[in-house]
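> starting from these lines, generate the structure:
(chains A and B)
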Amino acid sequence: MIEVQHLTKRYGPVTAVDDVSFRVEKGEILGFLGPNGAGKTTTMRVITGYMPASEGKAVVAGYDVFANPLEAKRRTGYLPETPPLYPDMTVREYLTFVAKIKLDKATKSERTMRVDHAMRKTHVDDMKDRHCGKLSKGYRQRVGLAQAIIHDPEVLILDEPTAGLDPKQIIETRDLIRSLAGDHTIVLSTHILPEVAQTCQRVVIINRGRVVAVDTPDNLTHQLKGAATLYVQIEGGHTEDALASVPGVQKVSVADRHEKYTGFEVEAEPNRDIRRDIARAVVDQGLGLLELRPTRMSLEQVFLQLTTTEESREEAPQQ
Amino acid sequence: MSKTLRNIGAVAGKELRSYFGSPVAWVMMGLFAVIFAWFFTVYLEVFMKNSMQAQFGGGPQSMNVNMSLIRPLLSNASVLILFLLPMVTMRTYSEEKRSGTIELLLTSPLTDLEIILGKFVGAIGLYAGMLLVTVLYVSILFFYGNPEWKPVIAGYLGLFLLGSCFIAMGLFISSLTKNQMVAGAASFIVFLFFWIINWFADSAGPVVGTILSYLSITEHFDDFAKGIIDTKHIIFYLSFISFGLFLTLKSVDSERWRG
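Residues are numbered from 1 along each chain as shown, chains lettered A, B, ... in the order given. Below you'll find the predicted structure:
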């Protein structure tokens, strides 16, 4: 549905996006993850036809955004980082205007229907006669979202849709986005990691304008784990040796030590499940097994690992 | 084609709603009405005094309402728009760029030209509204007196074209900056430049002098104020407007590339 090929964008001497390629399948939610200034917004602006690429191309719903911008734009809904609202217009006036410029083939009654539908879907109908300039941050964001879906686009590009919202609004917005998937292909950018894990089927991690990784959130956390690690919490006694003697264990280290119990980080050989053996070993020693669970690297750790290795690789030749 | 017109209409309608939804339109029309009313009373008084003297003193000729009242009145109105129109055009692009709404327009299935023409038509609409207020005053003259209506139409056509030139140029200047105060001040200076450019015509050489006075936006207005509609002036104004819009188009396009 969306295909980005070797996209490069330079602002004068600064390269904001460097040879970025990825695909988004129909009905998928793709997360675009990266620290601030990584090139997320620039990539999205190229896909939406806001600005042309310096090199490479972007194809949306079969239309090249540069060669055929109007057709591509008809099929794209875009929520920029700051919702593009006119403060002097009421919500209804604003959405009617957007419907006019986005749905240039529709009749007046069709447009009214789309406006009503978008307001219902994003739960802004109770504010429809309020001026956009007087809306709270959460409502602004939702009116921005209503604006993006008003022409029922095949592709939705959302630039940090939950930025600046309170926790309740964040959950509501995520639910809303999930409910839009299927009918729409969605690309959303964020620098908040749990958001990606919760909403997206696939993640593109971007750093300093380059794609660092593309995968599902689960795979990313698995792959990067390297050796399988377990967290074991045991009550009483000195047990490091007992754990180390279990076959398959490569390394044991103390993770946290308390008065009555101690937590251990146990590294096992890859592809070998040693949980049963560890449990037996602990119980045989007459100790209390309080907790035993595989530790997966959190998306935060994955992200940091990916982005920092990228940085060290880049800095190496300079030294 | 009809789609293009519809898009232009949609953008123009949005512009007008912005003008009238905010104080801009009302302040503009109010200021214009008040100052024009003041000019009107002053000139009317002068005119009545003179025509009284002409009656009693047996002056050489009878007074003409068109020549001695409407003409200076419209000339003064043209000075007024020099000050007011920068305030209308300064926000057209600057404000959209500052608030980010330009992203909505540029990612909608609209061409750059449709957006520019929409904004142009919207500003023209407000300007036409301002002129319409003054028609009220002038119609008083028709009610009590017997002026010729053709020169009045010519004068208004001139005012309308003159203002359209300012709007086209102001649109371009507004597209250059995010700051509407800068856009307003720069527009005023540029308008003023085209206003007074013929002052130097006499001191410049014959060739340069002719060019300077041709470029002067006021030289072309004089005939309209006199009640003469000359195609050469209309062509000048229309070229000026097209040039301003063309510059805006180029500015928006290059902005896109620079990001």
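> just give the nearest non-adjacent residue to the residue in the stretch 51-200 of chain B positioned nearest to chain A, would you?
Nearest residue of the stretch 51-200 of chain B to chain A: B:Leu104, at 3.7 Å (Cβ to the nearest Cβ). Glycine gets a C-beta too; all of them are placed from N, C-alpha and C. With Cβ to Cβ, 6 or more residues apart in numbering or on different chains as the measure, A:Pro84 is the residue that lies nearest to B:Leu104, at 3.7 Å, once sequence neighbours are left out.
> sec struct for B:Ile217, please.
Recorded secondary structure, B:Ile217: coil (DSSP: H, G, I helix; E, B strand; the rest coil).
> OK, contacts around it?
Remark: with contacts taken as Cβ atoms under 8 Å, 6 or more residues apart in numbering or on different chains, B:Ile217 is in contact with B:162, B:165, B:191, B:194-195, B:197, B:240.
> so what are the domain limits for chain A?
Taking automatic domain parsing as the criterion, chain A consists of the domains A:2-222, A:226-295.
> list the contacts for A:Gly56?
By Cβ under 8 Å, 6+ apart, the contact list for A:Gly56 reads A:4-8, A:19-21.
> so where does it fall, helix or strand?
The secondary structure element spanning A:Gly56 is strand A:55-60 (assigned by DSSP states H and E).
> that strand: how far from the chain's middle?
Taking the mean of its C-alpha atoms, strand A:55-60 sits 21 Å from the chain's own mean (Cα atoms, centre = their mean, to the nearest Å).
> next structured bit after that strand?
From strand A:55-60 onward toward the C-terminus, using DSSP H and E, the following helix or strand is strand A:63-64.
> for that following strand, packing partners?
Based on contacts counted as 3 or more Cβ pairs under 8 Å, 6 or more residues apart in numbering or on different chains; DSSP states H and E, the elements that strand A:63-64 packs against are helix A:69-74.
> A:Thr216 contacts A:Gln201, correct?
Yes. Contact between A:Thr216 and A:Gln201 holds when scored by Cβ atoms under 8 Å: they sit 6.4 Å apart.
> between the two, what contacts are shared?
Overlap between the neighbourhoods of A:Thr216 and A:Gln201 is empty, taking contacts as Cβ under 8 Å, 6+ apart.
> for B:Lys97, which non-adjacent residue is spatially closest?
In this structure, B:Lys97 finds its nearest non-sequential neighbour in B:Lys178, 4.6 Å apart by Cβ to Cβ, 6+ apart.
> would you mind listing what in chain A touches chain B?
A:9, A:11, A:42, A:45, A:48-52, A:69-71, A:73-74, A:76, A:78, A:80-82, A:84-89, A:93, A:97-98, A:100-102, A:104-105, A:131, A:147 (Cβ under 8 Å from any Cβ of the partner chain).
> got a PyMOL select line for the buried ones in the residues you listed?
Buried residues within the residues of chain A next to chain B, by 16 or more other Cβ atoms under 10 Å in any protein chain shown, are selected in PyMOL with:
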select buried, chain A and resi 9+42+45+48+49+50+51+52+69+71+73+74+76+78+80+81+82+84+85+86+87+88+89+93+97+98+100+101+102+104+131+147
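> related to what we said a few turns ago, and the strand holding A:Gly56, which residues are buried?
Residues A:56-60 are the ones in strand A:55-60 that count as buried (16+ other Cβ under 10 Å).
> low-confidence stretches in chain A?
A:221-228, A:237-239, A:270-271, A:296-302, A:305, A:307-319 (pLDDT under 70).
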